[in-house]
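Asker: Got a predicted structure here, sequence first:
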Amino acid sequence: MRAKWEISSRDEFIRDWKKNIVFFLFWASVSLFILIFLPERTWEIKFHGLIAIGIIGIWRYLWFLINVINAFIYRYFVFPQLKKKAFKSPFKYPKRVYFMIPSYKEDFEVSRQVFTALALEVYKIPSEVYVFVAVGSDEEAKYIERIIKIHDPLNRIYVKFLRQEMGKRVAMGHTLRAIARHFNYPLNWHEDYHNDVVIFMDGDTVLGRDVLRKTLPYFRTFPNVGAITTDEGINYLGKNPVIYLWYKLKFAQRHLLMMSHSLYKKVLTLTGRLSLFRAPIVLSEDFIRYIEADYLDHYLFGRFRFLMGDDKSTWFYLLKEGWDMLYIPDAIAWSTEDRSGNFFKVSASLMFRWYGNMLRNNWRAIKLGPKKIGSFFIWLAILDQRISMWTTLVGPVGVTLLSLFISPFYWAFYIVWVIWTRMMQILVIDLFSKLNPSIIHLLLLLYNQWAGAIIKIYASANLSKQRWAKKTSQAVEAQIEDYKLARKVLHIVIILFFTFSFIIFIGIYIGVFKVENVVLLLKFMLQG
């Protein structure tokens, strides 16, 4: 039986299109009313500043368009061919499938959904299945074991529990070593061992319908595929509808970008919620140690360990080793989320965590270069992750300067431009992911772009500060040798310098500031 969040029908399809029409008409009307009620003198302002902003904005819209074209080609031309080839062989499933699941004191109802779905999906494949679960208590282990036994009448699933008390990365390391001992045991050896699969899965991830059947065959067919990740849906148990809509938008954007990147046989993250790996890669001591003790050498903070972001560490390891990574758009895993409370606190905390994980890996990925990565486009996408935090803010910063120094009506025209560009983005995203846009989604997209850019800039100056996933108030500073107050002050000075320089550059570019005046100001500041 399908889970309630997977149900779809023709009536729902019709309602989805009605939502699109309502969404379009609402925001088109808002933009029209803004233009109608502008005073006549508004049209006398000079538009060269907005045109200058638009020229830089072309990069962002062109980049979006390129990703849309890539996603379309992958979804409707390349992926069907990959799928046809993968499912052509009668021997398409691996002999052994291992699950590596960190599940630290999850709610029992969540665990029931997770392991019920796992047991049901396991019975759809012929492989031997071994489930290794790192738990936080004996009660959790007993409950999970009882759930699996209920849905495993033939005792096909081997289950082993490990206790985790020192954080997720250490738990992952211990669990992978336990799997490696079973995998490498001489009596368990078989000729097709290199096609065995280890599935990394969070303790709050519910497997979607047929997800194992839709993903496992690619490993045997494509020997250079090192990892696979899937589409992600939201099983929201919280009470804040805005958070739910925000998650839907994030996952819809992710779906489009993942398809675009997978066209080049790479992705930009191997999602910790659910990713599948070729067993010999992740069961090597080199990989396990990498996950346990990944670190960053930073010019300001020195060397510090990563406390989270394991999905980025796994991704970078496969990237530098030259493995292909595929995204399977017709397979889905459901993320169980129960966050409620203040939307801005919850979303800002999550974005700080995501962007911090991304930035801690971004520069070392850039340094690999296009040749090592195997794709100039993917290298450019990694580079764009770093520069987008500035280019995204060109519009709002530039228009704010124009409004402050020339005319406040610049914002009116910019709002109309923003409404139409973001409205088109939302509708295009919906074509790929069935977002079913709500009116509020346009505002959430703007929030993701503008607030996300600011948070990314802040995260870039605080890479040693790492925030736990489900505790928005708990921030942890990585242990740094010789950490001094001077470093804290210095990183604040650096971020203020870059921010000030960015504002001055935009002001000169759009004609608000004169170069000679800026030079005089700098001379005055230096002399004073």
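Answerer: Now that the structure is in, tell me what you want to look at.

Asker: Show me where the protein has its strands.
Answerer: Secondary structure of the chain by DSSP state E: the strands cover 96-103, 128-135, 157-163, 197-201, 205-207, 225-236, 274-278, 295-298, 302-305, 324-337, 465-467, 475-477.

Asker: With distance to F37 as extra columns, can I get these in a markdown table?
Answerer: For glycine as for every other residue, the C-beta is placed from the backbone atoms N, C-alpha and C. Shown next, in a markdown table, are these (distance: least, C-beta to C-beta, whole Å):
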| stretch | distance to F37 |
| --- | --- |
| strand 96-103 | 55 |
| strand 128-135 | 60 |
| strand 157-163 | 65 |
| strand 197-201 | 54 |
| strand 205-207 | 49 |
| strand 225-236 | 38 |
| strand 274-278 | 50 |
| strand 295-298 | 51 |
| strand 302-305 | 54 |
| strand 324-337 | 41 |
| strand 465-467 | 44 |
| strand 475-477 | 45 |
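
Asker: Using TSV, lay out these together with mean neighbour count.
Answerer: Shown next, in TSV, are these (neighbours: other C-beta atoms under 10 Å):
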stretch	mean neighbour count
strand 96-103	24
strand 128-135	23
strand 157-163	16
strand 197-201	26
strand 205-207	26
strand 225-236	23
strand 274-278	26
strand 295-298	14
strand 302-305	16
strand 324-337	22
strand 465-467	20
strand 475-477	14
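
Asker: M259: which of those strands is closest?
Answerer: Set against M259 and scored by C-beta to C-beta, those come closest in strand 324-337, at 5.5 Å.

Asker: Grab the nearest non-local neighbour of R305.
Answerer: Nearest residue to R305 in three dimensions, chain neighbours excluded: Y295, at 4.8 Å (C-beta to C-beta, 6 or more residues apart in numbering).

Asker: Equivalent analysis for K320, please.
Answerer: L368 (6.0 Å).

Asker: Kindly give the local confidence score, pLDDT, for the one you found.
Answerer: If you check L368, the pLDDT there is 94.

Asker: and the gap between it and F316?
Answerer: Between L368 and F316 the computed distance is 9 Å (C-beta to C-beta, to the nearest Å).

Asker: between those two, who's got more neighbours?
Answerer: Using other C-beta atoms under 10 Å as the criterion, L368 and F316 rank with F316 on top: 21 against 16.

Asker: ok, the more buried one - contacts?
Answerer: Going by C-beta atoms under 8 Å, 6 or more residues apart in numbering, F316 touches 361, 364-365.

Asker: re the thing from before, which residues touch the residue nearest to R305?
Answerer: The contact partners of Y295, by C-beta under 8 Å, 6+ apart, come to 303-306.

Asker: How about the most centrally placed residue in the chain: what's its closest non-neighbour residue?
Answerer: Against the mean C-alpha coordinate of the chain, by C-alpha atoms, centre = their mean, the closest residue is R254 at 6.3 Å. Nearest residue to R254 in three dimensions, chain neighbours excluded: E232, at 6.4 Å (C-beta to C-beta, 6+ apart).

Asker: per-residue confidence at the one you found?
Answerer: Looking at E232, its pLDDT is 94.

Asker: got a list of what it touches?
Answerer: 251, 254-255, 271, 273-274, 332-335.

Asker: any chance of these in a markdown table, plus distance to N436 and pLDDT?
Answerer: Converted to a markdown table, those look like this (distance: C-beta to C-beta, whole Å; pLDDT from 0 to 100):
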| residue | distance to N436 | pLDDT |
| --- | --- | --- |
| F251 | 12 | 95 |
| R254 | 16 | 95 |
| H255 | 13 | 96 |
| T271 | 22 | 88 |
| R273 | 21 | 89 |
| L274 | 23 | 94 |
| I332 | 16 | 95 |
| A333 | 20 | 95 |
| W334 | 16 | 94 |
| S335 | 18 | 92 |
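
Asker: picking that back up, I'd like the distance between the residue nearest to R305 and T269.
Answerer: To T269, Y295 is 19 Å away according to C-beta to C-beta.

Asker: need the longest helix for the protein.
Answerer: Counting by DSSP state H, the longest helix found in the chain is helix 343-373.

Asker: Can you give the distance of that helix from its chain's centre?
Answerer: Chain-centre distance of helix 343-373: 9 Å, with C-alpha atoms, centre = their mean, to the nearest Å.

Asker: That helix packs against which elements?
Answerer: helix 241-262, helix 310-320, helix 376-391, helix 440-460, strand 465-467 (3 or more C-beta pairs under 8 Å, 6 or more residues apart in numbering; DSSP states H and E).

Asker: Can you add distance to F108 and give those back as a markdown table?
Answerer: Below are these laid out as a markdown table (distance: least, C-beta to C-beta, whole Å):
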| stretch | distance to F108 |
| --- | --- |
| helix 241-262 | 22 |
| helix 310-320 | 25 |
| helix 376-391 | 38 |
| helix 440-460 | 32 |
| strand 465-467 | 26 |
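
Asker: Relative to L402, which of the ones you listed is closest?
Answerer: Evaluated with C-beta to C-beta, the helices and strands packed on helix 343-373 place helix 440-460 nearest to L402, the distance being 16.7 Å.

Asker: give me the low-pLDDT residue ranges for the stretch 251-400 of the chain?
Answerer: Scanning the stretch 251-400 of the chain for pLDDT under 70 picks out 298-302.

Asker: Out of the contacts of F316, which is nearest to G57?
Answerer: G57 lies nearest to A365 out of the contacts of F316, by C-beta to C-beta, at 26.0 Å.

Asker: Would you confirm that that closest one contacts D384?
Answerer: No: at 11.9 Å, A365 does not count as touching D384 under the criterion of C-beta atoms under 8 Å.

Asker: When those two are compared, which one has more neighbours?
Answerer: Set A365 next to D384 and count neighbours by other C-beta under 10 Å: A365 wins out with 23 against 13.
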